[in-house]
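1. the sequence isn't on hand, but the structure is:
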């Protein structure tokens, strides 16, 4: 972790520990520079990171303020962490239905930008929150990038393993959201009736070098899932 | 618009006009500096803006690349523009059902951070895409900030008016997403059966100074709407 990231984490911890609320003012730039004993450019980068994350907002000529929505138990759509982190207060577990090496479907090959003859790891899981079904997932990992998976790994956080175990750098992701009705198979895995609503998310995760490595299709139990997006004014 | 924003727009136009695809390489920093006749810090800010928007990605020691998902007709959840811009190729229209000044509901007062005795503009609309119902919206605008609205304005883009007509600076937003089933009223406005799925989004928009000014509740016609989120690796 780079210095500015470390400082950003410390500022976040400070906000958390002091239970600061939206609109609460943080110390001015000069105070933060002195406190963390770093240059203006480092603290500026820390603050930009926190702003992008939706943890603070900066008002020119006025100061740095805490940004914090009041709702708990929402899954952040902007987090590249997988949702374990958002639901820390909850008990999230996984049941592995299938795990094997195979060739991609045409859809997976297209989204992973690989040939039909390349190997992928196929993972089918049901995830649970506090004992209730949260979602049903089918994932395709390019095997030349995610070189190894086993049952124990996919029972826990695959992303944590990819980052820490394989040392890969996870970059950007594209998420495509649709609302639809559960089909028979999804309904059975989620313990709901077919025809009931679902949120269906297709996600494509890329390494920092732009290579896609994970294409996933996830159907959420609409009774157990709610999502938050904290957007910035970064658009023109 | 500031210089770095203007350059970012020009780079985006260039990507668009040359139909560049994901992974296509852009000129190196030095070339861009020379081309736009600006300093390194200005061009760096332009590139950071484009990266946050999901238009490019930068690979250390390797270059600047185009980022572009392949799917058309998706509404961006990160855009603060309202969705008219995402659906430019489509014909989006609005029908105003109600527009008046009233006191907020407790829920609206809470989300707008105002007292129950303050005035708000209440707007109820149905929006259409290519003649099909797209969504049913109820919005609450703090009247002390959004000082004037009329039927003609709310028939078109309210955000365009807020920005251009009232000169307000729109900052960050919080979106809360749920999936549920259409109730009778929503179903009637959307021309669907009650009980069918809906995507329900509550949004709170803030000015750049952090003041919330718009609390909206939107129910989407699941057959007509799909969404994209382009996320960055900005999390710790």
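-> Looks like it came in fine. Just so you know, these numbers come straight off a predicted model, no measurement behind them.
2. skipping adjacent residues, who's closest to whichever residue of chain A sits closest to chain B in space?
-> Closest residue of chain A to chain B, C-beta to the nearest C-beta: residue A:197 (3.3 Å). In this view, the C-beta of every residue, glycine as well, is placed from N, C-alpha and C. Nearest residue to residue A:197, sequence neighbours excluded (C-beta to C-beta, 6 or more residues apart in numbering or on different chains): residue B:197, at 3.3 Å.
3. bridging residues for the one you found?
-> residue B:181 (DSSP bridges).
4. so what's residue A:163 up against?
-> By C-beta atoms under 8 Å, 6 or more residues apart in numbering or on different chains, the residues touching residue A:163 are A:169, A:170.
5. centre of the chain versus the lowest-mean-pLDDT helix or strand in chain A, how much separation?
-> None of the helices or strands of chain A scores lower by mean pLDDT, DSSP states H and E than strand A:75-76, at a mean of 83. On the basis of C-alpha atoms, centre = their mean, to the nearest Å, strand A:75-76 sits 7 Å off its chain's mean C-alpha point.
6. give me the mean pLDDT for the next helix or strand after it.
-> Downstream of strand A:75-76, the next assigned helix or strand under DSSP states H and E is strand A:92-102. Regarding strand A:92-102, the rounded mean pLDDT is 95.
7. same deal with stretch A:196-208?
-> 94.
8. gap between that stretch and the chain center?
-> For stretch A:196-208, the distance to the chain centre is 10 Å (C-alpha atoms, centre = their mean).
9. show residues contacting stretch A:94-105.
-> Residues outside stretch A:94-105 that contact it (C-beta under 8 Å, 6+ apart): A:112, A:114, A:116-128, A:140, A:143, A:149-151, A:154-156, A:189.
10. buried ones only from the residues you listed, please, as a ChimeraX command.
-> The buried residues among the contacts of stretch A:94-105 can be selected in ChimeraX (16 or more other C-beta atoms under 10 Å in any protein chain shown) with this line:
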select /A:112,114,120,121,122,123,124,125,126,127,128,140,143,149,154,189
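11. what's the first helix or strand after the longest helix along chain A?
-> Across chain A, the longest stretch assigned as helix under DSSP state H is helix A:3-17. Note on helix A:3-17: by DSSP H and E, the next helix or strand toward the C-terminus is helix A:29-36.
12. what does the next helix-or-strand element following that next one contact?
-> Next helix or strand after helix A:29-36 toward the C-terminus (DSSP H and E): helix A:40-52. With contacts defined as C-beta under 8 Å, 6+ apart, helix A:40-52 is touched by A:3-5, A:7-8, A:11-12, A:29, A:32-33, A:36, A:56-58, A:64, A:232, A:234, B:48, B:52, B:232, B:234, B:236.
13. please indicate which of the residues you listed are buried?
-> The buried subset of those (16+ other C-beta under 10 Å) comprises A:4, A:7-8, A:11-12, A:32-33, A:36, A:56-58, A:64, A:232, A:234, B:48, B:52, B:232, B:234.
14. re the thing from before, so the residue of chain A closest to chain B sits against residue B:180, correct?
-> Yes. Between residue A:197 and residue B:180 there is a contact at 6.4 Å, judged by C-beta atoms under 8 Å.
15. of these two, which one has the most company?
-> Neighbour count, other C-beta atoms under 10 Å in any protein chain shown: between residue A:197 and residue B:180, residue A:197 has more, with 25 against 15.
16. and the more buried one, what does it touch?
-> Contacts of residue A:197 by C-beta under 8 Å, 6+ apart are A:179, A:180, A:181, A:182, A:222, B:179, B:180, B:181, B:196, B:197, B:198, B:222.
17. max pairwise distance over the residues you listed: which two?
-> For the contacts of residue A:197, the farthest-apart pair by C-beta to C-beta is A:182 and B:198; their separation is 14.6 Å.
18. give me the more crowded residue out of these two.
-> It is residue B:198, of residue A:182 and residue B:198, that has more neighbours when counted by other C-beta under 10 Å, with 27 against 23.
19. contact partners for that one?
-> Neighbouring residues of residue B:198 by C-beta under 8 Å, 6+ apart: A:179, A:197, B:179, B:180, B:181, B:182, B:186, B:190, B:219, B:220, B:221, B:222.
20. specify which member of those is nearest to residue A:209.
-> residue A:179 (33.2 Å).
21. show me what secondary structure element comes after the helix or strand that closest one falls within.
-> Residue A:179 belongs to strand A:170-181 when assigned by DSSP H and E. Using DSSP H and E, the next helix or strand after strand A:170-181 towards the C-terminus is helix A:184-190.
22. below-threshold pLDDT in chain A: ranges please.
-> A:79-89, A:233-236 (pLDDT under 70).
23. repeat that for 80
-> Along chain A, the parts satisfying pLDDT under 80 run over A:1, A:70, A:78-91, A:232-236.
24. could you chop it up by domain?
-> A:3-66, A:75-228 (automatic domain parsing).
25. in TSV, list these along with distance to residue B:215.
-> Formatted as TSV, those follow (distance: least, C-beta to C-beta, whole Å):
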stretch	distance to residue B:215
domain A:3-66	14
domain A:75-228	15
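26. so which of these is the most packed in?
-> Most buried of these, by mean neighbour count (mean count of other C-beta atoms under 10 Å in any protein chain shown): domain A:75-228, with a mean of 18.
27. quick one: distance of it to the chain centre.
-> Its chain's average C-alpha position is 10 Å from that of domain A:75-228, according to C-alpha atoms, centre = their mean.
28. overlap in contacts of residue A:197 and residue B:180?
-> A:222, B:197, B:198.
29. next up, the contacts around the closest residue in space to residue A:14 that isn't next to it in sequence.
-> Excluding its sequence neighbours, the residue lying closest to residue A:14 (C-beta to C-beta, 6+ apart) is residue A:20, at 7.9 Å. Contact analysis of residue A:20 by C-beta under 8 Å, 6+ apart lists A:14, A:26, A:66, A:68.
30. find the helix or strand that the residue lying closest to the second one once chain neighbours are set aside is a member of.
-> This means residue A:26. Once flanking residues are discounted, residue A:26 sits nearest to residue A:64: 4.3 Å by C-beta to C-beta, 6+ apart. Applying DSSP H and E as the criterion places residue A:64 in strand A:63-66.
31. thank you kindly, that will do.
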